[in-house]
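Trainee: Provided below for reference: sequence and predicted model.
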Amino acid sequence: MSLLMTLRIAFRALARNKLRTTLTMLGMIIGVAAVITMVALGTGAQTQIEDRIRGSGTNMITVFPGSASAGGVRQGGGTSSRLIPDDAKSLRELSEVEYVSEGLQSSQQIIVGAQNWRTNIVGVNVDYPQIKSWPMKSGSFFTEQDVLAAAKVCTLGMNVAQNLFGEDDPTGTEIRIRNHIFRVLGVMGPKGASSSGQNQDDQILAPYTTVMKKLQGTEFLNYILVGARSSDRIRAAADEVTADLRITHKIETGNDDDFRVQTQDDMVALQTAASQTMTSLLAGIAGVSLVVGGIGIMNIMLVSVTERTREIGLRLAIGARGSDVLMQFLIEAVVISLVGGSLGIGLGYGAAELLTYYDPTLPTMVPVDAVLESVLFSAAVGIFFGFYPARKASGLDPIEALRFE
């Protein structure tokens, strides 16, 4: 019997029981839709994280105080687990480094007339806007002279400016932080969330010397930001920074660093690994639905073999081979799986779009490989779970099948 004839018989058999065929497909539809939706959520979140990290600055490297390993007993004599301005000064001399900015934060209440707002005061240097690729909306950034003089000047993030001044331009006005009066030099452009999820528009930038001496009363930095000269030299710059700080901190060979150097690629890899683990977990849970759908296909096909025993016996009696019967039932199982899988892909796309439409904070993206894998997996499920019923049908004895009531 030709393959075309076998296909026609298989489709005709499925069409005779439209409701049962549709219900059998339902397991595959739900399973594939669930997998597509979960993968779309995971991929969308992963892409958002990568864009956020890569958009947080230009070739940025961050140096944090403290060793990556627990404890500090392995450090050599003369080492320090803190960062100081002299560390940043040393980094400015490196060949692979273009920008350096000291950094520390202080949470303070800001007062302007009858208005007040609590936010972070971030102490930085003049290279900070270049490292973060952060332009001004109005006014100007403070100067190197302001940093040297520990001047009480600042620039406001967009949210701070709106909460304290509304739609008015605050450039040239004054704000009070504790008992200090700061002059506002300008407003930073919109920036959004940082790689850690912090709202960068809800903060005030001031000279780090001012924050250290007049707000914090400390000699230590929370971090140092470094801008590499080019994107393809970030790793080389990070290695150079590490080597320089080991010398500055007098860390002996074989001892652990008392600082951590983190690049954007490191942050992307860390966040991506966590996101991929969650995506795999969710997709695995959703994949259980596919297995359930496959079991449903096998059950229905077994019922179909029982109902069509006399038909199978008649076909075998008039010359049909067992392989023809096997192929017919396999085709029926694969068609149910593929059609159900295709409908599930469409449903998954729709569910992903609806999630993003009703909650824009949940970005979704359906990768092409996930669609192809879903189609192939659907066909594999049809073959795997349809083989036993098909094998049972092809092995029937024609005489016994014709006697079946």
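Mentor: Structure received.

Trainee: any idea how far the one residue sitting closest to the centre of the chain lies from M38?
Mentor: When Cα atoms, centre = their mean is applied to the chain, the residue found nearest the centroid is Q46 (1.6 Å). Using Cβ to Cβ, to the nearest Å, one gets 13 Å for the distance from Q46 to M38. (Each C-beta comes from the backbone N, C-alpha and C, glycine too.)

Trainee: buried sites along the helix or strand that contains S323?
Mentor: In this assignment (DSSP states H and E), S323 forms part of helix 322-358. For helix 322-358, the neighbour count (16 or more other Cβ atoms under 10 Å) marks 324-345, 347-349, 351-352, 355-356 as buried.

Trainee: Next up, the contacts around V375.
Mentor: Contact analysis of V375 by Cβ atoms under 8 Å, 6 or more residues apart in numbering lists 338, 341-342, 345.

Trainee: So what does it look like in phi/psi?
Mentor: V375 has phi and psi values of phi -60, psi -50 when expressed as degrees, to the nearest 10.

Trainee: Which one of the contacts of V375 is nearest to W117?
Mentor: Among those, I345 lies closest to W117 (Cβ to Cβ), at 48.4 Å.

Trainee: per-residue confidence for the closest one?
Mentor: pLDDT recorded at I345 is 88.

Trainee: same deal with A70?
Mentor: Looking at A70, its pLDDT is 44.

Trainee: How are the strands of this protein distributed by residue range?
Mentor: Taking DSSP state E as the test, the strands found in the chain are 60-65, 97-112, 115-124, 136-139, 153-156, 174-177, 180-188, 203-207, 223-228, 259-263.

Trainee: In a markdown table: these, plus mean neighbour count.
Mentor: Below are the strands of the chain laid out as a markdown table (neighbours: other Cβ atoms under 10 Å):
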| stretch | mean neighbour count |
| --- | --- |
| strand 60-65 | 22 |
| strand 97-112 | 19 |
| strand 115-124 | 18 |
| strand 136-139 | 16 |
| strand 153-156 | 26 |
| strand 174-177 | 18 |
| strand 180-188 | 20 |
| strand 203-207 | 26 |
| strand 223-228 | 24 |
| strand 259-263 | 20 |
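
Trainee: okay if I get those strands as a markdown table plus mean pLDDT and distance to L19?
Mentor: Listed next are those as a markdown table, based on pLDDT from 0 to 100; distance: least, Cβ to Cβ, whole Å:
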| stretch | mean pLDDT | distance to L19 |
| --- | --- | --- |
| strand 60-65 | 91 | 60 |
| strand 97-112 | 93 | 64 |
| strand 115-124 | 93 | 62 |
| strand 136-139 | 94 | 63 |
| strand 153-156 | 96 | 65 |
| strand 174-177 | 94 | 71 |
| strand 180-188 | 95 | 63 |
| strand 203-207 | 96 | 61 |
| strand 223-228 | 92 | 64 |
| strand 259-263 | 88 | 59 |
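
Trainee: These: which one's closest to G294?
Mentor: The closest of the strands of the chain to G294 is strand 259-263. By Cβ to Cβ, the value is 44.8 Å.

Trainee: Can you list the strands that that closest one pairs with?
Mentor: Here strand 259-263 is paired, per DSSP bridges, with strand 60-65 (antiparallel).

Trainee: care to break the chain down by domain?
Mentor: 3-52+269-403, 67-257 (automatic domain parsing).

Trainee: Can you give me the pLDDT of Q200?
Mentor: Looking at Q200, its pLDDT is 88.

Trainee: Same check on the one 10 residues further on?
Mentor: Taken from the predicted model, the pLDDT recorded for T210 is 96.

Trainee: and if you look at G287?
Mentor: 69.

Trainee: Repeat that for E50.
Mentor: We note a pLDDT of 62 for E50 in this prediction.

Trainee: if we can go back for a sec, least reliable of the domains of the chain going by mean pLDDT?
Mentor: The minimum mean pLDDT among the domains of the chain belongs to domain 3-52+269-403 (a mean of 77).

Trainee: So which residues of the chain form helices?
Mentor: Secondary structure of the chain (DSSP state H): helices located at 3-16, 18-54, 85-91, 128-132, 144-148, 158-165, 208-210, 234-248, 264-307, 309-317, 322-358, 368-394, 398-403.

Trainee: Nearest to P65, out of those?
Mentor: So among those, helix 85-91 is nearest, using Cβ to Cβ, at 9.2 Å.

Trainee: Check which helices and strands the closest one sits against.
Mentor: Contacts defined by 3 or more Cβ pairs under 8 Å, 6 or more residues apart in numbering; DSSP states H and E place helix 85-91 against strand 97-112, strand 223-228, helix 234-248.

Trainee: Please name whichever of these is nearest to N299.
Mentor: Closest among the helices and strands packed on helix 85-91, using Cβ to Cβ: helix 234-248, at 56.0 Å.
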